[in-house]
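Participant: sharing a sequence plus its predicted fold:
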Amino acid sequence: MPHRWHVNILLVRYAEVGLKSPSVRRYFESVLLDNMLAALSRDGIEALVDSEQGRIYVRTDRVDEAAAALVRVFGVASVSPAIEGGSDMEEMQRTAAELSRSVLPEGASFAVKARREGNHPYTSMDVGREVGSAIFLANRDRGARVDLTRPDVTFYVEVRGKRSFIFHRYLPGPGGLPLGSQGKVVASVHSDRDALAAWMLMKRGCRVLIWGDEHAELLRPWDPRLKLVDRPTLAEAIEETKALGAVFGYRLEDIDRIREVRLGVPAFYPLVGMTEQEVADRIEGIKEPGTIL
């Protein structure tokens, strides 16, 4: 039997942006939305993006591809492909039950977490109980069981006014601040370590210009507008771009090279306290979003 539902929306949550004052938050949200649209446009994905009460909604017919693009946008804490529907209890039960049939493995345990905003003839606890019952009955023949402590699969139901969103995945984003919301710096990128150092300043919202070589390609998936500065020296690159600082991938073992830096602007060394293994893990995280970031 064909499904009556389909994943038709992405719920995007942001990280530190929500901690700012209302005016600053509006500015950061604007920058974040622009960066999200740039990431989607780079991959040729058409989408409608809007924000409401601290949540960003992305509607597109290419949900999986859009999610893969958005988990590389700085400021995004997580992304959830979801089914958008009405807030009628029976509709939510029916949708969750059908979704569960394609998600729950044989003999798997599950839990339901519900939250609600607005006026409804039920509570969040009612939603969790009734939707959970529907999922259990739909999967009883496959040995499904409820486990509220350590479930194999967690189903989430968010009810907002007359709409509901049902999903079972949180895809982690890089978090941090929206790219371009802070100052402009130049990164000296001649190794994967240097690229990681640049990435960490990008995560803090800095617009990072690259003075380097092919290792900068590691950063291109994270910034659709990545720019390389073609100047003979780093000092000239900084002067030409009027950058506020420089970024290096030096660690504590490179203290002699750090002492030699003389550029007339602040220099940043975000890897200085990391071990070799931490650096390697984070470089792998840049290559594979959703691992160690």
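Facilitator: Ah, there it is. Numbering: from 1, shown residues only.
Participant: roughly how far apart are Gln182 and Gly176?
Facilitator: Separation of Gln182 from Gly176 (Cβ to Cβ, to the nearest Å) stands at 10 Å. From N, CA and C alone the C-beta is placed, and that goes for glycine too.
Participant: looking at those two, which has the bigger crowd around it?
Facilitator: Gly176 (24 against 16; other Cβ atoms under 10 Å).
Participant: so who does that one touch?
Facilitator: 15-16, 74-75, 202-205 (Cβ atoms under 8 Å, 6 or more residues apart in numbering).
Participant: for Gln182 and Gly176, list the residues in contact with both.
Facilitator: In contact with both Gln182 and Gly176: 204-205, using Cβ under 8 Å, 6+ apart.
Participant: show me where the stretch 1-150 of the chain dips below the pLDDT cut-off.
Facilitator: Along the stretch 1-150 of the chain, segments meeting pLDDT under 70 span 1-5, 16-20.
Participant: run the last query once more with 90
Facilitator: Residue ranges of the stretch 1-150 of the chain with pLDDT under 90: 1-7, 15-27, 51-55.
Participant: picking up where we left off before, ok, so of the contacts of Gly176, who is nearest Arg26?
Facilitator: Gly75 (13.7 Å; Cβ to Cβ).
Participant: surely the closest one meets Leu177?
Facilitator: Yes. Counting by Cβ atoms under 8 Å, Gly75 touches Leu177, with 5.8 Å between them.
Participant: closest to Tyr156 among the contacts of Gly176?
Facilitator: Ala15 (18.5 Å).
Participant: coming back round to it: neighbour count winner among Gly75 and Leu177?
Facilitator: Gly75 (28 against 22).
Participant: residue nearest the middle of the protein, spatially speaking?
Facilitator: Gly173 (2.2 Å; Cα atoms, centre = their mean).
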